[in-house]
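Colleague: sequence and predicted structure are below.
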Amino acid sequence: MTYPYPMIRVSTFGKFVVERLSTVPGQETASPQYTRVEDEEWGGRNHGRNLLKLLVCSDCRRAPRDVLLEMLWPDAEKRHADRYLNSAAWVLRRVLRAPGGSSLLSTLRPGNDLTIYELADQEQLWVDADAFLDLLAEAEQAEREGHDPLPWLEKAQELAHGEFLVEDLYHAWADQLRQSVNAARHRCLHWLADHYEQRGLSGRAETLLYIALKKDPADEDVLYRLMRVLASQGRAREALACYERTKRVLLREQQVQPLARTRELAEQIRNESVVVEHRTISIATSTITPSLFSESSTGGVLTPPPPSSFMPAIPMETGVVDYATWFGAKIAYLNDKIDQWMKQTISYDQLQAMLDQEISMFDEVKPQDDSQAYTLSRRQALVAIAALPVALLSSIQQKPTSALMIEELLSRCAASITAGWHLLRGSEFYTVEQMLATYLPTLVMLTQQPSRYQRTAANLVTQGYRLRGIVALHQNDLRAREMCCQQALYYSEIAEHPSLLVSALISLASTFYYSQDPTKAALIYQKALTYKKEISPLQLARLYAELAVVCAQMRREQEALAYLDLAHNLFPEHPENDPSFLYAEFTPSSMYLEEGLTFLALTQYHPDREYGQKAWDVFARVEVPQPKSIVPERIRVEIINHQAGTALALKDQELFRTYLEKGIRGATTLSSKQRRREAVETYKQARVVWSNDSRIKELADLFLMNE
C-alpha cells in the first residue's frame, strides 16, 4: 500500500535512531505515528546499524558489496567479512521492511559478479541529514525566485540539532557527507542570522548565536558575529565576556590565541570605537566626504580639492608626501565621473572598465618603501567606493522608487563591485562580504521581473555572487562557494552575457578543482568551451590554462601540454586592455600559477621528466618584479604554498622549510582558511617523506605561532 509519508525515518543528528511507521492501513492521518526500532531488533550487534549508516553516507544511497566489505571490516578475513555482511544485510532487511510489503533495502546484481546494496529514496526512507540539505536547496531556490527563504532556513536550523553520526567520528566512510553537512550547517546558521539582523530581529539572531557558541565555544565565526550584534546594542561588557570565554577555551584546548580579526574587534569594543554592523561597514565609509580621509602627516583634517585633472599632483609639505589629499582628490574626481555617467549613453560595462582603469592608477603613486600612509589612504578610498550604494538604499526604502533612482543605484552598485574586485586583490574578504550583503538582495529583486534594468542588474548580481564565492573559498567553505557559483551561473543567463556566463562556469569548475574532483571540473570546463567563439582571448586563455591543470591531474599528459600551449598563444601582451579584464581574474601571475600547477601535477606521475624543476622555474617568476603587473595577495600566497609543495617534490628540505614558513605567515596575514589548509596539507605530506626528521617535526610550531 502507498502512504503519503515515509515508511522509515532515520535520525543522524545526535543519537542515531531508526523509527518505523506504526500507522495501520486505512488509518492514515496528517500526523503519522512512528515507533522506534529497539536494540533487540538489531540482533545485539552493530553490523546492521553500521551497514545502514554507510549506505546513508554513500552516493545515491548505494554501494557495491566489495566496497562495503573493505569499509566495514578491512582487517577481517574474507570468509568472516562475508559472513558479517550477510548477517548485517539480513538484519537490516528485516528492520526496514514496510508493513505488508518488501524491504527498503534492495540487492542488485547487474552482472559480472557485481552485487550492489541500495536503500530506498527519501520519500520512503527519510533521513534527517538529506532533508536538511534539501531544505537549504529550497531556500536557495526561493531566494533566487524572489521569495522569502526564511521559512526553509528556520526548518533546516530546527532539524540539524546535534553532531552528525557522533558515534562514527573516526570512520572514513562518513567523512564526505559529514563535511557537506557541517559546511551546510555553518552556512545555514549565518544565513539565518543575516535575515534576522536585516529584519531588525536582533534578539532572534542573538539567541541563535548564543546557542551555537554554547555548543562550540571555540567557533570564532559565531563569536565574531555575536560580539558585533551585542556591541551594536551597546552591550560591550557582554560581548567582551563572550570573547574572554572563547579565548580561555582556545588556550586550554588548542593552545592558540583567537584570530587576529577577533582580537582587533575586541580591542575596538574596549576602546568604544565604531563597531562594524551587518548592513554597513561604518558611518565614516558610507559617504564620500572630507571626513573619510585620515589626518595628514602635517596635522589637520584635509578637504579634497575639486577634480581638475586625470592624475592630480601629489601634494607635499616639508618634503612629506600627503597621500590622504591625493586620494581625496581622486575620489572626488571619480564621484563626479559616476554622476556624469547618468547623462551619458555608455553601458555599465564601460562604466566599470573606466573605473577599473582609474582605480588601477592608484598604484601609479605607490612608494618604493612600505608606506603605511599610502596603504591606509588607498584602502579608505576603495572602501568609500564600495560603500557608495549604502546611503541611496536607505532613501529607496523610505520613498517610492523612480527610474532615475534605479539608474543611480545601478551605477553606484557597478562602482562598488568594481572596487570589490580590487579589494579582493588584498585581504578585504570581510569588507567585500558585508558590502555585498547591503545591496545584493535589492539587485536580485530587480532581476525578478522584465524591465529595461533586468539584464543590467543580472550582470551585477553575477559578479556579486562570484565575489561572494571567492570569499567563501577563503573561508574554506566549498559548499557555499559552489552555491554562489551556481547562483552566478543562473543570473549570467538572465544577463544574456556569454563572457559573464563563461566566467561563472570557470569559477564553478575551479570549485571542484579545490574539492579534488578534477573529473567533474573538466566536464564543466568543456561545457564552457562551447562558448569559445563568444569570449575574449583572455578568458579563453584562462579556460585552457585551468583545463591543462585538471588534465594533468587525470594523467592526460599530452592534453595538458596542448592546452597549456593554447593558453600561452592566446594570453594577450596587455591583458589589462581586454574588455573582461576586471572580472576575468586572470593576470600574468595567474598564468604562472596554472602553468606551475600543471607541471607539478605531472611530476606526480612522471617524476623522471623534470616537470618538478619546470614547476619551480615557473612559480619563481612571480618573485621577479614586473612593471604594471600587480600580483593579488591571495594568488601570491597560493603560489608560495605550491612552491613549498614543489620543493617537497624535489626533495629540497631547505627550500621546503623556507616556503612553508612564508605560506603559513601569508595565510595568517591574509586571514584565509583556504591558504592555511593548503599549507597544512603540504606539511602533512612532508611528515610522510621526512618522517624521522626532527627539523620537519619542529615546523608544527609555526602553525601555533601563526594562528
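Modeller: Ah, there it is.
Colleague: what sits against the residue nearest to Gln233 when sequence neighbours are not counted?
Modeller: Of all residues not flanking Gln233 in the chain, Ser202 sits nearest, at 6.6 Å (Cβ to Cβ, 6 or more residues apart in numbering). Where C-beta positions appear, they are placed from N, C-alpha and C, glycine not excepted. Residues in contact with Ser202 (Cβ atoms under 8 Å, 6 or more residues apart in numbering) are Tyr196, Val229, Ser232, Gln233.
Colleague: which of the residues you listed sits closest to Ser411?
Modeller: Here the nearest of the contacts of Ser202 to Ser411, counting by Cβ to Cβ, is Ser232; it sits at 29.7 Å.
Colleague: so how far is Pro367 from the closest one?
Modeller: 37 Å (Cβ to Cβ, to the nearest Å).
Colleague: one more: Ala156?
Modeller: Taking Cβ to Cβ, one finds Ala156 at 51 Å from Pro367.
Colleague: with neighbour numbers in mind, choose between the two.
Modeller: Ala156 (26 against 12; other Cβ atoms under 10 Å).
Colleague: how about the more buried one: what's its closest non-neighbour residue?
Modeller: Leu135 (3.9 Å).
Colleague: next one: Asp130
Modeller: Nearest non-adjacent residue to Asp130 (Cβ to Cβ, 6+ apart): Gln122, at 5.5 Å.
Colleague: assign a three-state SS to the one you found, would you?
Modeller: Following DSSP: H, G, I helix; E, B strand; the rest coil, Gln122 is assigned to coil.
Colleague: and the helix or strand where Lys337 lies, what's its mean pLDDT?
Modeller: Assigning secondary structure by DSSP states H and E places Lys337 in helix 323-341. Helix 323-341 shows a mean pLDDT of 80.
Colleague: skip ahead from it and say which helix or strand is next.
Modeller: helix 348-360.
Colleague: buried ones in that following helix?
Modeller: Tyr348, Asp349, Leu351, Gln352, Ala353, Met354, Leu355, Asp356, Glu358, Ile359 (16 or more other Cβ atoms under 10 Å).
Colleague: restricting to C-alpha, output the helix or strand immediately after it in the chain in CSV.
Modeller: Moving toward the C-terminus from helix 348-360, the next helix or strand (DSSP H and E) is helix 372-386. Backbone C-alpha positions of helix 372-386 (Å, rounded to 0.1, in the frame of the first residue of the first chain) are rendered in CSV as follows:
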residue,chain,number,x,y,z
GLN,A,372,51.5,53.0,5.9
ALA,A,373,50.0,56.4,4.9
TYR,A,374,49.7,55.2,1.3
THR,A,375,48.2,51.8,2.2
LEU,A,376,45.7,53.3,4.6
SER,A,377,44.6,56.0,2.3
ARG,A,378,44.3,53.6,-0.7
ARG,A,379,42.2,51.2,1.4
GLN,A,380,39.9,54.0,2.6
ALA,A,381,39.4,55.2,-0.9
LEU,A,382,38.4,51.7,-2.1
VAL,A,383,36.1,51.2,0.8
ALA,A,384,34.4,54.5,0.1
ILE,A,385,33.7,53.5,-3.5
ALA,A,386,32.5,50.1,-2.3
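Colleague: show me what helix 372-386 is packed against.
Modeller: The helices and strands touching helix 372-386, judged by 3 or more Cβ pairs under 8 Å, 6 or more residues apart in numbering; DSSP states H and E, are helix 323-341, helix 348-360, helix 403-423, helix 429-446.
Colleague: now do 7 Å
Modeller: Packing partners of helix 372-386 (3 or more Cβ pairs under 7 Å, 6 or more residues apart in numbering; DSSP states H and E): helix 323-341, helix 403-423, helix 429-446.
Colleague: can you tell me which of these is nearest to Val256?
Modeller: Nearest of the helices and strands packed on helix 372-386 (Cβ to Cβ): helix 429-446, 20.1 Å.
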